[in-house]
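J.: let's see this in three dimensions:
(chains A, B, C and D, ligands or ions: 6)
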Amino acid sequence: MKRFQTMSVVISLEEIAEGIYVLTLECPEIAKLTEPGQFVNVRMHDAHSEPLLRRPFSVSFVEGDRLELLFNVIGTGTRFLSTRRPGDAVDLLGPLGVPFHIDDTFETALLLAGGVGVAPFPMLRAALERAGKKVITLLGARSGVQIADRRLNNAYVATDDGSRGFHGSVVDLFHATVARNAILRPKIFACGPNRMLSVVAAAARTIGMDCELSLEGEMACGIGICQGCPVERSREGRKYALVCTDGPTFNSRDVVI
Amino acid sequence: MKRFQTMSVVISLEEIAEGIYVLTLECPEIAKLTEPGQFVNVRMHDAHSEPLLRRPFSVSFVEGDRLELLFNVIGTGTRFLSTRRPGDAVDLLGPLGVPFHIDDTFETALLLAGGVGVAPFPMLRAALERAGKKVITLLGARSGVQIADRRLNNAYVATDDGSRGFHGSVVDLFHATVARNAILRPKIFACGPNRMLSVVAAAARTIGMDCELSLEGEMACGIGICQGCPVERSREGRKYALVCTDGPTFNSRDVVI
Amino acid sequence: MTVKTSFMLRHVEFQNRVFVASGTFGYGDEINDLVDPNKLGGIVTKSLSWKPRDGNPPRRIAETPSGMLNSIGLANIGVHTFIEKKLPFLRTLKTRIIVNIAASSVQEYCDVLALLERHDGIHGYEINVSCPNVKEGGLSFGTNVDRTREITERLRPLTEKPLIIKLTPNVTHMSEFARAVKDAGADAVSCINTLVGMAVDVRTRTPRLSTVTGGLSGPAIKPIALAKVFEVAKSVDIPIFGIGGITTADDAIEFLLVGACAVQVGTTNFVDPGASVRIAEGIAGYASSNGIDDVGKLVGSLKADVKASVLQTWL
Amino acid sequence: MTVKTSFMLRHVEFQNRVFVASGTFGYGDEINDLVDPNKLGGIVTKSLSWKPRDGNPPRRIAETPSGMLNSIGLANIGVHTFIEKKLPFLRTLKTRIIVNIAASSVQEYCDVLALLERHDGIHGYEINVSCPNVKEGGLSFGTNVDRTREITERLRPLTEKPLIIKLTPNVTHMSEFARAVKDAGADAVSCINTLVGMAVDVRTRTPRLSTVTGGLSGPAIKPIALAKVFEVAKSVDIPIFGIGGITTADDAIEFLLVGACAVQVGTTNFVDPGASVRIAEGIAGYASSNGIDDVGKLVGSLKADVKASVLQTWL
Ligand SMILES: Cc1cc2nc3c(=O)[nH]c(=O)nc-3n(C[C@H](O)[C@H](O)[C@H](O)COP(=O)(O)OP(=O)(O)OC[C@H]3O[C@@H](n4cnc5c(N)ncnc54)[C@H](O)[C@@H]3O)c2cc1C
Ligand SMILES: Cc1cc2nc3c(=O)[nH]c(=O)nc-3n(C[C@H](O)[C@H](O)[C@H](O)COP(=O)(O)OP(=O)(O)OC[C@H]3O[C@@H](n4cnc5c(N)ncnc54)[C@H](O)[C@@H]3O)c2cc1C
Ligand SMILES: Cc1cc2nc3c(=O)[nH]c(=O)nc-3n(C[C@H](O)[C@H](O)[C@H](O)COP(=O)(O)O)c2cc1C
Ligand SMILES: Cc1cc2nc3c(=O)[nH]c(=O)nc-3n(C[C@H](O)[C@H](O)[C@H](O)COP(=O)(O)O)c2cc1C
Ligand code: FES
Ligand code: FES
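T.: Ligands and ions are numbered 1, 2, ... in the order given. Next up is the predicted model:
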């Protein structure tokens, strides 16, 4: 798979929900090649060494030569991103990782996002719809102001504090949705904190649904050379897979999280 | 002497000569107290540790609650400063150091600046003129485009490449000036690279002029606690003085540079 | 929740567990306008020797990534001037004063300490056997376990006050040194002094420091310091002052969790003079919001299996 | 000016003095789309052991100020798979291939090297006696001068190719180890492997790495690495590969000036895959603009008086 280390140009930065930003970058090489679920590894500075490592971000959406990153500010790196202004250069390495598998024989895609786990879904949903799949989008957040449903019309919303939509977690909402509707040949796509993903994986196993996860995890390189991002495999053979090159998307049956 | 660690606000940033900027900061506490020749120690980041140390900059001019820093971009810290925009906060520690001595009985002040050594002179000249002294300002730079004569009307200019004013160094220009004019009860104030200052000090000694230098030097703290900025003293007693608290201004007779 | 922040070392009570490190706070009277020393657990003075020392020639400082090298060379006013000029001010503070002593012979350590013993206002001693920037004493003592033990043994009978030995990280097994000084009667160890480091100016092809090598401090060394404190804490039962790259309360808490009973803030004082007081407040706040009523309960409370670490087999 | 960048080690010529460090470039076929390995002096492979190793459980990586901790635990495909799957690709490169070997017994080192000797396409060996992230072998070898000597003595007769021993900085006197391996027949030493370090998550009160401690690398350690290379260069007459925090050509030149005959770029490959090639070009450019016709003339050319350094008395 072709990858580039290249300079992108900031087109815009928009706060789309409380503390959640969308950064639009012009980067023809990477925009052209990215598939849903892939990520870019973003350099967080130019001249100095702090913070040292790149940060991985899912490509949230692609439009022509532009790609969008969706992130919330949690530390030095994301704070840096949140101060980029139009015209600034941002060093990207990508596209990286294995895309979501959307060619299987499922008919309905259930998208489950916890928090900024929503990031890859705008692009994924567009691709699924192009492929003629039915898509049900479920978004969870602590509070309604943190729901980032840009480019995700008609998403069902769950909030921990009940301030918007369903009162409870996105997994609770998922159970309620499955219980109330007959869903034809479903496949789950889930992205969010690993705690949430392991609950989703267990639920999928119990009810026998196919399920693909996009994992988070610390990365040093993002390109398979540091061995820093292992996830335990559930199959025989190697004990660990690498999140950055074997994932970040995994079938929930294949990993132990 | 009273000092503050305080947040200033960027009012403006202006490129006044090639690669040379004036940063205007609003900072009432420090602006009110600063005297010519004093400096502020500027923090170069907010959340992270790179670059670690503050950087010292002479206060170039004070107007009401505002102070001006004049600098050229040479490394990470000054590059950081050159990307500040109006409204940004900048952490200052100051005012620091011993001001120039302008109360002596001299009548004519000869200001000699090498490169951005010009920084403290706008404020110094204004104070000298207020005190009724005659001021002759000599500025040197590699090339005419690097002459930073803002707020220094009628300065005499020397350039290494002859592209503006006198063709030669500012010390050559000084000699020429002294040779051609009868200067009444002079005192030299010199600021620039240490190489230049040691030539100026030697010249002053030879022709018997009183001479005050503003020294550069690496600093860690700027406030006298690290002992990191020694300069050799020429008098008996302690072997070293500290540039940050015993200086940065020294009578050229008192130090070995 | 009110949180107990104080702790005892020997017979001395300290109001909290945040100190300022030797050489980074002068003698206490230089920056008390920028930070209130009375809010600190203690001040460790710049190292004192018998006679004043000029220190090394310039250049003494070089910045490095997230760190700095220094080669001050123990420039100090000497113990006599200290007693005359600095101690009277320090006595007016309600914080504790730890005098740090450096020397180029065992006898000099004893002489300085014995002289200080005859004056009020000192609550303990920190013995610097680990300065990497002087040729006599310093590292040649600090990397020699027998000399380190000997210095401790000779000093112990001279004082009833807390005796803290400041160790160098520039050794294979720091815990070996901690054990030796514990056996020789020390009340605590300080970990770590600076690491030997170097920087070069490629333009002039000369070292950036006049002494070629210097001591590395600052955030860059924090991971190393934490591992050293953890090593000592897991092998020797002695109170530890954790030092190295502390800039925030979280950094300080890391040291407490791995086993430091208190911390010292060094290089950060140069960048952010108010930091040490904020760190002391931040630790109390952390304890409070975690329902912990005594900061002491944090000490060594890391949930970690030393058997998982290479230190297990290596020690 | 044309600048000579090549150099010889034993009978092998290397086209320039910039290598990529073990564990930071995979086996060479993972990032050759992002950087052209043919522009490098050499590739040092990820450490290989006899059998494949899974490595340590997650979490293996933690960022620190200007550095990172890793606890990969020598995860590798094993020497057999390497020979079958990776060596054919490496043979197509025109750069030199140094295979790095790690093992948990002296015999395993010998077995791996002996097996590799039966295959073409390898130009030298780097022996990792210094991994801080495995409990057998690694530091327990690398901090023991007799074991380090023994490993070198046993390996030397097995190959005519350059034998490079990669030393750990986690010892008091690294030069002692360099001397021992020189005497035992090594052609060169690599300085430095990572420093033992640690980081704590104060929210969960757990170590950030599954193995509690890990190895510190990146710009943060550069000053320490430079001092270690300087120490070895001043005490032992043996070629040195300088390693530690190199991110720019200037960094690399610092290492050459203090005495490294070549350098290896590590952590930087993760951040900026193209850096190593730019560093090689930058060194040649520096030599050229300083009127130096052979990069080798830079090696050890620092204008410095070791007598000014504490290393003088301390060594
Ligand atoms: C494949 C992949 C794709 C990702 N895509 C996105 C995305 O599209 N949008 C997005 O916002 N984030 C995404 N992330 C997570 C993102 O990389 C981290 O949020 C980012 O690295 C944080 O950087 P920072 O410098 O702001 O925080 P840091 O300063 O690195 O961390 C601040 C604090 O947060 C903790 N922390 C660090 N990373 C995480 C994490 N991943 N989850 C929880 N706590 C953490 C740290 O331990 C630390 O305590 C992705 C991660 C991976 C592996
Ligand atoms: C009391 C005092 C007042 C000062 N006032 C001013 C001022 O008003 N305006 C101004 O522009 N500068 C002034 N300086 C110098 C200024 O502090 C440095 O230029 C600044 O620290 C450089 O920071 P940096 O991060 O950009 O460069 P760094 O990244 O720190 O340095 C880049 C390169 O330049 C070299 N370098 C660093 N400092 C200097 C220096 N002082 N001279 C020459 N080379 C250096 C370094 O060794 C390095 O190779 C003053 C210095 C002192 C001590
Ligand atoms: C400029 C400077 C001077 C120092 N002087 C001394 C000293 O005189 N005595 C001493 O024991 N330690 C001295 N130290 C070491 C510090 O006390 C501390 O151990 C070390 O800097 C690590 O902590 P830090 O990373 O927080 O700075 C000095 C450190 C610096 C940076
Ligand atoms: C993620 C990672 C993995 C490493 N793996 C190995 C290894 O397998 N064998 C080895 O000898 N050194 C290994 N090292 C050490 C590096 O080769 C190098 O010595 C060290 O990182 C210091 O250089 P740097 O600061 O440029 O990274 C590894 C370093 C890192 C960061
Ligand atoms: S992040 Fe380096 S191998 Fe995955
Ligand atoms: S810079 Fe710290 S004493 Fe002068």
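J.: mind exporting stretch A:188-204 as PDB, just the C-alpha atoms?
T.: In PDB, the C-alpha atoms belonging to stretch A:188-204 read as follows (Å, rounded to 0.1, in the frame of the first residue of the first chain):
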ATOM      1  CA  ILE A 188     -21.100  -3.900  13.500                       C
ATOM      2  CA  PHE A 189     -18.400  -1.200  13.100                       C
ATOM      3  CA  ALA A 190     -17.300   0.100  16.400                       C
ATOM      4  CA  CYS A 191     -14.800   2.800  17.400                       C
ATOM      5  CA  GLY A 192     -14.200   4.300  20.800                       C
ATOM      6  CA  PRO A 193     -12.300   3.700  24.000                       C
ATOM      7  CA  ASN A 194     -11.000   0.100  24.400                       C
ATOM      8  CA  ARG A 195     -13.300  -0.300  27.500                       C
ATOM      9  CA  MET A 196     -16.300   0.300  25.200                       C
ATOM     10  CA  LEU A 197     -14.900  -1.900  22.400                       C
ATOM     11  CA  SER A 198     -14.500  -4.900  24.700                       C
ATOM     12  CA  VAL A 199     -18.100  -4.600  25.800                       C
ATOM     13  CA  VAL A 200     -19.200  -4.300  22.200                       C
ATOM     14  CA  ALA A 201     -17.100  -7.300  21.200                       C
ATOM     15  CA  ALA A 202     -18.700  -9.400  24.000                       C
ATOM     16  CA  ALA A 203     -22.200  -8.300  23.000                       C
ATOM     17  CA  ALA A 204     -21.500  -9.100  19.300                       C
END
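J.: is that stretch anywhere near chain D?
T.: No - applying Cβ under 8 Å from any Cβ of the partner chain, one finds stretch A:188-204 out of contact with chain D, separated by at least 10.1 Å. Heads up, the C-betas are built off the backbone N, CA and C, glycines and all.
J.: which other residues reach that stretch?
T.: The contact list for stretch A:188-204, computed with Cβ atoms under 8 Å, 6 or more residues apart in numbering or on different chains, reads A:58, A:100, A:109-115, A:117-121, A:124, A:140, A:169-171, A:174-175, A:209-217, A:252, A:255, A:257.
J.: which residue ranges of the stretch 151-300 of chain C form strands?
T.: Assigned by DSSP state E, counting those that start in this stretch, the stretch 151-300 of chain C shows strands spanning C:163-166, C:188-191, C:195-198, C:200-201, C:206-207, C:213-217, C:240-243, C:262-265.
J.: look up how far C:Gly274 lies from whatever residue of the stretch 151-300 of chain C ends up closest to chain A.
T.: Nearest residue of the stretch 151-300 of chain C to chain A (Cβ to the nearest Cβ) works out as C:Pro219 at 8.6 Å. Computed as Cβ to Cβ, to the nearest Å, the C:Pro219 to C:Gly274 distance reads 17 Å.
J.: keep only those of the contacts of stretch A:188-204 that are in strands.
T.: A:58, A:109-114, A:140, A:210-214, A:255 (DSSP state E).
J.: who wins for most neighbours among those residues?
T.: Tallying neighbours with other Cβ atoms under 10 Å in any protein chain shown puts A:Leu112 at the head of these, with 32 neighbours.
J.: the closest residue to that residue other than its chain neighbours and chain D, how far apart?
T.: Take A:Leu112 and drop its neighbours on the chain: the residue closest to it by Cβ to Cβ, 6 or more residues apart in numbering or on different chains is A:Ala190, 4.2 Å away. Distance, A:Ala190 to chain D, by Cβ to the nearest Cβ, to the nearest Å: 19 Å.
J.: relative to C:Pro58, how far out is the residue sitting furthest away from the middle of chain C?
T.: Largest separation from the mean C-alpha position in chain C: C:Arg203, at 35.1 Å (Cα atoms, centre = their mean). Separation of C:Arg203 from C:Pro58 (Cβ to Cβ): 17 Å.
J.: for ligand 2, what's the nearest residue on the stretch 1-150 of chain C?
T.: C:Glu63 (6.3 Å; Cβ to the nearest ligand atom).
J.: quick one: contacts for the nearest residue to that residue once chain neighbours are set aside?
T.: Once flanking residues are discounted, C:Glu63 sits nearest to B:Leu53: 5.3 Å by Cβ to Cβ, 6+ apart. Contacts for B:Leu53 were tallied using Cβ under 8 Å, 6+ apart; they are B:Met44, B:Met219, B:Ala220, C:Glu63, C:Met68, C:Phe270, C:Val271.
J.: check the secondary structure at the fourth one for me.
T.: Okay, so that is C:Glu63. strand (DSSP: H, G, I helix; E, B strand; the rest coil).
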